[in-house]
Structures are given as C-alpha cells and as structure tokens.
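**Q** make a model of this:
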Amino acid sequence: MSAEARITFLKLNKTYRIGDIVEGSVVVKTASLLKHDGIQLFLEGFVLIQKSTALLEEKVPELGKQTELISKSVTLSKGGKLIAGTYEFDFKAKLERGEVPLQETNHGACISIQYFVRVEIRRSLLHQNIETIEEIFLEVPSPLDGRKQLDMSYFLTESDVDSPKLENSPKFSITGELSIGGICEIGKPIIGTLLVESSDKSIYSVMIELQRKEEWSQIGSFHSSKIVSLQICDGNVPKNAALPIKLIFPRFRVAPSLSIPNLSVRYSFVISVMFENKDIVTKEYPIHIVRR
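**A** Numbering: from 1, shown residues only. So this is what the prediction gives:
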C-alpha cells in the first residue's frame with residue numbers, strides 16, 4: 001500500500017483516568033497522491049464476553065458480542081487530496097462517562113474490558129479504507145469505604161485445606177502472615193511469611209498463586225484462571241524457618257475486583273504444598289483488589 005497511518009500519544013504509557021484528555025497525533029505517510037473522503041478518529045471502549053475455551057460448551061448467543069462503554073469521534077480532515085509526503089494531524093479526546101459507567105481495563109480469560117483509539121482514512125468505493133488502531137489503558141480508582149491493607153495471620157493444617165482429602169494424608173502445621181487482610185492495593189505487593197512448624201512427611205515444595213474468578217450471569221457459573229504462580233521453596237523445606245513471600249501484581253493482567261450487573265471479577269491467593277510423595281494440598285484465600 002502506498003499510504004499508511006500511525007497514531008502517536010503524548011503519554012508514552014498510554015494510561016489514563018476518567019476525565020483525562022487523550023492527546024496525540026496521527027501521522028499519515030503517502031508515496032503518491034492520496035484522494036480521500038475524510039480522516040476520522042474514534043475513541044471507543046467495550047466489554048467483551050470472549051469465546052474462550054472455558055465457554056465453548058455454552059450455547060449462549062451473546063458470546064462474542066460487545067457492550068459499548070464509550071464511543072466518540074473527531075474529524076481530523078474533511079475530504080480532499082494529499083500529495084506525496086508526510087502529514088501530521090493533532091487530536092484531543094476526553095475520556096468521560098456517558099450513560100454507562102467506565103470500568104478499568106481488564107484482560108481476562110473470559111471477560112475483557114478494552115479501550116481503543118482508531119483512525120480511518122475513508123476512500124472511494126474503488127479503494128480500500130486505510131485504518132490503524134492502538135489500545136489505551138484506563139485506570140479507575142476504587143471506592144475504599146475506609147478500608148486499609150492489613151496483615152492477616154493464617155494457620156494451615158491437614159484438616160482445613162481446600163483440596164480433596166487424600167489417603168494417608170500427611171499431618172502438618174504451617175503458619176505465617178500475609179498482607180491480604182482488608183484490601184490489596186494494585187501497586188503494592190503481597191508480602192508475608194510461611195513457616196513449617198511440623199510435618200510427618202518431607203515437604204518437597206511450596207507454591208503461591210494468584211487466581212482470577214470471572215462470573216457472567218448468562219452462564220450462571222464462574223471460570224477460574226491462573227494469573228501468576230511462584231515457587232517460594234524447593235527441596236526439603238526446613239522446619240521453623242520463616243520463608244519470605246512477595247508477589248507483585250503483573251501490570252495489565254490484574255484489575256480491581258469488579259461487581260456490576262451481569263458480571264463480576266474476583267481474585268484469590270492460593271497456597272499449594274507438595275510433599276515428597278507428590279501429594280498436593282491447597283488452601284485458597286479470597287482477596288479484594290483495589291486501586292487508589
């Protein structure tokens with residue numbers, strides 16, 4: 001193609017909050033005379049229930065359809081001609097809510113919330129329109145209601161694990177602290193300790209996981225997916241030694257906990273203990289993630 005368009009932003013990280021101005025330029029480069037019927041910029045946001053493997057068995061017609069959160073357009077140029085060369089068109093568009101509240105960018109396994117800046121150079125029926133698109137990221141502060149991030153003590157034994165009971169289940173006692181009481185703030189890691197007080201079988205490894213649980217009312221059940229996992233120890237874990245825990249929320253893969261009509265996104269922190277005979281026991285702790 002003899003012509004192309006590119007979108008650049010004043011904010012290099014392309015991350016905004018409600019009320020911010022999305023500002024930048026559209027650079028059009030053409031190697032020959034370019035006739036067009038107008039250059040239009042669109043600011044769009046959608047909620048998409050994706051046709052993931054988790055939902056392939058569900059026969060719901062709404063799967064794959066988008067729910068519009070925001071839709072704005074800006075005319076950068078009316079129809080005309082561009083001779084060979086490079087042209088720059090500045091733009092500004094405000095991120096503000098309409099009838100539907102804006103939600104934070106969320107790249108989930110089933111539920112996706114995304115915002116885009118799209119440019120379209122319209123051409124005659126005999127020529128293909130020129131389009132380019134860039135994703136931008138929206139951060140939405142959470143209502144905190146006075147809640148704070150607090151340390152929480154935990155006590156884990158063979159009698160209170162979430163995994164199914166095993167034959168000849170090992171007898172063990174694990175204690176520690178985690179900063180998951182109250183709320184968990186994006187931008188602050190989950191920190192804590194894990195201490196093996198006793199175990200009648202050697203512990204081979206300990207894993208921690210951050211899991212996402214997505215629920216959509218049309219399905220009536222939730223889908224759980226792993227976001228990140230870390231092995232905090234390997235080999236014969238020593239007893240009465242406080243092992244440090246630190247888990248950083250990966251950017252763009254974690255958004256604040258969400259509960260709105262028809263859908264919700266929740267999170268949990270999971271501790272998995274593997275013994276020398278490969279038996280695994282797990283304990284799950286629900287957490288509430290917020291953004292300040």
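
**Q** in contact with the residue positioned nearest the centre of the chain, which residues?
**A** Closest to where the C-alpha atoms of the chain average out (CA atoms, centre = their mean) is residue 253, at 3.3 Å. Listed by CB atoms under 8 Å, 6 or more residues apart in numbering, the contact partners of residue 253 are 107, 227, 228. The way it works is simple: take the backbone N, C-alpha and C, and place the C-beta from them, glycine included.

**Q** are any of the residues you listed buried, and which?
**A** Using 16 or more other CB atoms under 10 Å as the burial test, the contacts of residue 253 include residue 227 as buried.

**Q** among the contacts of residue 253, which are in strands?
**A** Under the assignment DSSP state E, the contacts of residue 253 contribute 107, 227, 228 to strands.

**Q** I figured the first one hits residue 137, correct?
**A** No. With contacts counted by CB atoms under 8 Å, residue 107 stays clear of residue 137, the gap being 9.8 Å.

**Q** got any residues that touch both of the two?
**A** Contact with both residue 107 and residue 137 is made by residues residue 252, according to CB under 8 Å, 6+ apart.

**Q** so, low pLDDT: which residues of the stretch 51-200 of the chain?
**A** Applying pLDDT under 70 to the stretch 51-200 of the chain flags residues 51-65, 165-166.

**Q** at 50 what do you get?
**A** Across the stretch 51-200 of the chain, the ranges flagged by pLDDT under 50 are 55-56.

**Q** could you pull out the strands for it?
**A** If DSSP state E, counting those that start in this stretch is used as the criterion, the strands of the stretch 51-200 of the chain fall at 66-82, 85-94, 106-107, 111-122, 130-139, 149-157, 172-182, 184-185, 190-199.

**Q** what's the angle from the helix or strand that comes right after the last one to strand 190-199?
**A** Going back to what we said before, that points to strand 190-199. For strand 190-199, the following helix or strand on the C-terminal side (DSSP states H and E) is strand 203-216. Strand 203-216 runs at 130 degrees relative to strand 190-199, counting by axes from the mean of the first three to the mean of the last three CA atoms, to 10 degrees.
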